[in-house]
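Asker: requesting a structural model of the entry that follows:
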Amino acid sequence: MKGDSLPRLAGGLGAALLGMALLSGIALGGRWPLLLGLQAALGAAGIAYLVWASGRSLGHLARGRGTTFALTTTISTLAVVFLCVATVRAAARADLRHDLTREQVFTLAPDSIATARGLSAPVTLLAFLAPGGNPAARLETLVQRYREHTDRLTLRLLDPAQHPDLVARYGVNLAGPRMVLEQGERTVRLEVVGEAALTTALRRLTTERSTLLYFVTGHGEAALDDAASPRGLAALKGALESEGYLPRELELSREVGVPADAAAVIVAGPRRPLLPAEADTLERYLDRGGRLLVLLDPAIDAGLSSLLERRGIAAGDDLVVDPQGVGQRLGTGPSVVVASRYAKHAITERFDLAVILPTARSLLPLGVPGLPRPTPLALSADSAWAEGLPAGEPLQRDEDERGGPLPLLVVAGGEPGEDGEPDTEAFRLAVVGDSEWVGGQWLEQLGNRDLALNTLAWLTERGERITIRPRRRASSSLFLTVAQGRFLRLATVDGLPLLLLCLGIAVAWRRRRP
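Answerer: Down below sits the predicted model:
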């Protein structure tokens, strides 16, 4: 090895160390940890050694091909790193962002945006959280996303130890919710930091009154408080309450008629037929402009055939199957079908999600004199068909069995009046050929929850609630200490480029050896 190789190597490494130390300091916001100081000192020492060892031949070394190559490579590398750092800092100052996460974790759902924009009066979120902690930081970030769409939401982070008077006033304790939304005299407690929870709390705070929904009972229907069985409606009940609804049970056999304060009535998968008198009660309710949601199941007579057919909807005595559908991928069998094609309607105006129905019967719109033809709203795939009951084995479509696309959700009524506006006196009816799709096992799958809530919003004339709601998304979070974060930044900004530079010099050195 030539005598000038070591000084040349020390000078190249010194320049690289010093340059990357400067850039690392810029990337860290002007902070200079001890490690960066040592790096800069080593870099300066390497350059000083080159100058000392070269002496009078410094000019010759500077004009040498190896030195020129090393300096060119170093300057080019530093220029690229500098441009990258400058671009990142410029983007941060300009607040340029794009959510690249698969579940759009850092983007508000349309419902959250609409809720934020719909705030008619200032709302204050008082958070009794220790300053500097992860919950406080996540809450600040979340509120900032809402503030991009409204200036009526304010966050106050309060240290419980510094504000004992407010802690006593709002009844805050370690075992309960530590966040309170306040608008005037009204307050709503917030238990967890998350988009879905905050949007729900804002709606509860700004909703003047609850809308009463009555669920028919007494015929084996799915129970509102059942959180254990796949058919249980406890999850749906919670979703309805978060929307400002008040679900109640209704035993028609004990009532003279449907209560006058009912915004809608739901018949959710009866296992026994309704009595003729009960069906007549629902018939009179629709005649008065009532709102009814009927969830049917295959091979079960709900006792409502005449009521539905008089309004243009017939339920097939069949089971919709799709051997090429999602059931094959889920391992649940061909009876699990997906509906992803929708007719133009207020319910699906801003809805583009697929829904899963585990066991559905087909529906058929009928022409009834004097009534508009019902709308087949949600359709199965073309590969599905209506398998006659009992289903034969092996599964094969017969000539007399209807093929897809098959209506799975049909709506009737609520047509515009003579002035083009919706007729508030007209009945509204929605029928789904499956009741399990809103049960605890399936409600959160794909768009099931949104379509169910959108349908009820149409029935109860709450058009502002027809939207896509925030998902309960689980983001992957990594929490680091200050030392770990500093090490990670130094390793990525400084260590990796230095390692690559050393490898390049080693390869070049080996090739120059005789």
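Asker: where does pLDDT dip in the stretch 1-150 of the chain?
Answerer: Along the stretch 1-150 of the chain, segments meeting pLDDT under 70 span 1-6, 8-9, 19, 22-36, 50-51, 54-71, 73-74, 78, 88, 91-105.
Asker: so what's residue 323 up against?
Answerer: By Cβ atoms under 8 Å, 6 or more residues apart in numbering, residue 323 lies in contact with 334, 383, 395. Just so you know, the C-beta spots here come from the backbone N, C-alpha and C atoms, and that holds for glycine as well.
Asker: ok, and what's touching stretch 433-445?
Answerer: Contacts for stretch 433-445 (Cβ under 8 Å, 6+ apart): 222, 226-236, 239, 268-269, 295-298, 315-316, 320, 355-363, 407-409, 448-449, 452, 472.
Asker: distance between the ends of that stretch?
Answerer: Taking Cα to Cα, to the nearest Å, the first and last residues of stretch 433-445 lie 17 Å apart.
Asker: lowest average confidence, helix or strand, in this structure?
Answerer: None of the helices or strands of the chain scores lower by mean pLDDT, DSSP states H and E than helix 58-63, at a mean of 56.
Asker: hang on, the earlier thing: list only buried entries from the contacts of stretch 433-445.
Answerer: 222, 226, 231-236, 239, 268-269, 295-298, 315-316, 320, 355-363, 407-409, 448-449, 452 (16 or more other Cβ atoms under 10 Å).
Asker: low-confidence stretches in the stretch 151-300 of the chain?
Answerer: Residue ranges of the stretch 151-300 of the chain with pLDDT under 70: 174-176, 208-209.
Asker: quick one: the strands in it?
Answerer: Along the stretch 151-300 of the chain, the stretches classed as strands by DSSP state E, counting those that start in this stretch are 153-158, 179-183, 186-190, 211-216, 245-250, 264-268, 291-295.
Asker: what angle separates the fifth one from strand 211-216?
Answerer: For strand 245-250 against strand 211-216, the angle by axes from the mean of the first three to the mean of the last three Cα atoms, to 10 degrees is 30 degrees.
Asker: can you tell me, leaving aside adjacent residues, what's nearest to residue 340?
Answerer: residue 354 (3.9 Å; Cβ to Cβ, 6 or more residues apart in numbering).
Asker: let me fix that: residue 218
Answerer: Nearest to residue 218 is residue 251, by Cβ to Cβ, 6+ apart, at 5.0 Å.
Asker: just want the phi and psi numbers for the one you found.
Answerer: phi -100, psi 100 (degrees, to the nearest 10).
Asker: where's it relative to residue 426, distance?
Answerer: 27 Å (Cβ to Cβ, to the nearest Å).
Asker: neighbour count for these two, which is higher?
Answerer: Neighbours per residue (other Cβ atoms under 10 Å) separate residue 251 from residue 426, with residue 426 holding more: 16 against 12.
Asker: shouldn't the more buried one be in contact with residue 412?
Answerer: No - using Cβ atoms under 8 Å, residue 426 is not in contact with residue 412; the gap is 9.7 Å.
Asker: can you list which of the buried ones among the contacts of stretch 433-445 are found in helices?
Answerer: If you go by DSSP state H, the buried ones among the contacts of stretch 433-445 have 234, 235, 236, 239, 448, 449, 452 in helices.
Asker: distance check, residue 188 against residue 256.
Answerer: Noted for residue 188: a distance of 36 Å to residue 256, by Cβ to Cβ.
Asker: ok, residue 157 to residue 299 distance?
Answerer: Where residue 299 is concerned, residue 157 sits at a distance of 57 Å (Cβ to Cβ).
Asker: show me which of the two is the more surrounded one.
Answerer: residue 157 (19 against 12).
Asker: show me what contacts the more buried one?
Answerer: So residue 157 contacts 127, 129, 131, 136, 139, 140 (Cβ under 8 Å, 6+ apart).
Asker: ranges for the strands of the stretch 401-514 of the chain?
Answerer: 407-413, 428-432.
Asker: mind saving the C-alpha coords of the longest one as PDB?
Answerer: Going back to what we said before, that points to strand 407-413. Output of strand 407-413 as PDB, limited to C-alpha atoms (Å, rounded to 0.1, in the frame of the first residue of the first chain):
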ATOM      1  CA  PRO A 407     -82.300  -8.800  -4.600                       C
ATOM      2  CA  LEU A 408     -81.300  -9.200  -0.900                       C
ATOM      3  CA  LEU A 409     -82.500  -5.800   0.300                       C
ATOM      4  CA  VAL A 410     -85.700  -4.200  -1.100                       C
ATOM      5  CA  VAL A 411     -87.200  -0.900   0.000                       C
ATOM      6  CA  ALA A 412     -90.600   0.500  -0.700                       C
ATOM      7  CA  GLY A 413     -92.500   3.800   0.000                       C
END
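Asker: correct me, but residue 382 touches residue 341?
Answerer: No - in this structure, residue 382 is not within contact of residue 341 by Cβ under 8 Å, at 9.2 Å.
Asker: contacts for stretch 231-241, please.
Answerer: 213, 215, 222-227, 247, 268-269, 435-436, 438-440, 443-444, 449, 452-453, 456.
Asker: neighbours of residue 258, how many?
Answerer: Neighbours of residue 258 using other Cβ under 10 Å come to 22.
Asker: show me what contacts the residue lying closest to it once chain neighbours are set aside?
Answerer: If the residues on either side of it in the chain are set aside, residue 258 comes closest to residue 285, at 4.4 Å by Cβ to Cβ, 6+ apart. Counting by Cβ under 8 Å, 6+ apart, residue 285 makes contact with 257, 258, 262, 265, 292.
Asker: look at the nearest residue in space to residue 342 that is not next to it in sequence and report its pLDDT.
Answerer: Spatial nearest neighbour of residue 342, excluding adjacent residues (Cβ to Cβ, 6+ apart): residue 348 at 4.0 Å. Listed pLDDT for residue 348 reads 86.
Asker: ok, residue 382 and residue 341, which is more surrounded?
Answerer: residue 341 (16 against 13).
Asker: wait, the more buried one touches residue 404, no?
Answerer: No - counting by Cβ under 8 Å, residue 341 does not reach residue 404; the two are 9.6 Å apart.
Asker: what residues are shared contacts of the two?
Answerer: 379, 381.
Asker: now the strands of the stretch 151-300 of the chain in TSV, please, with extra columns for distance to residue 499.
Answerer: What follows is the strands of the stretch 151-300 of the chain, written out as TSV (distance: least, Cβ to Cβ, whole Å):
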stretch	distance to residue 499
strand 153-158	41
strand 179-183	46
strand 186-190	47
strand 211-216	63
strand 245-250	60
strand 264-268	63
strand 291-295	62
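Asker: looking at those, spot the one closest to residue 278.
Answerer: Of all those, strand 211-216 sits nearest to residue 278, with 7.8 Å by Cβ to Cβ.
Asker: elements contacting the closest one?
Answerer: For strand 211-216, the elements it packs on are strand 245-250, strand 264-268, judged by 3 or more Cβ pairs under 8 Å, 6 or more residues apart in numbering; DSSP states H and E.
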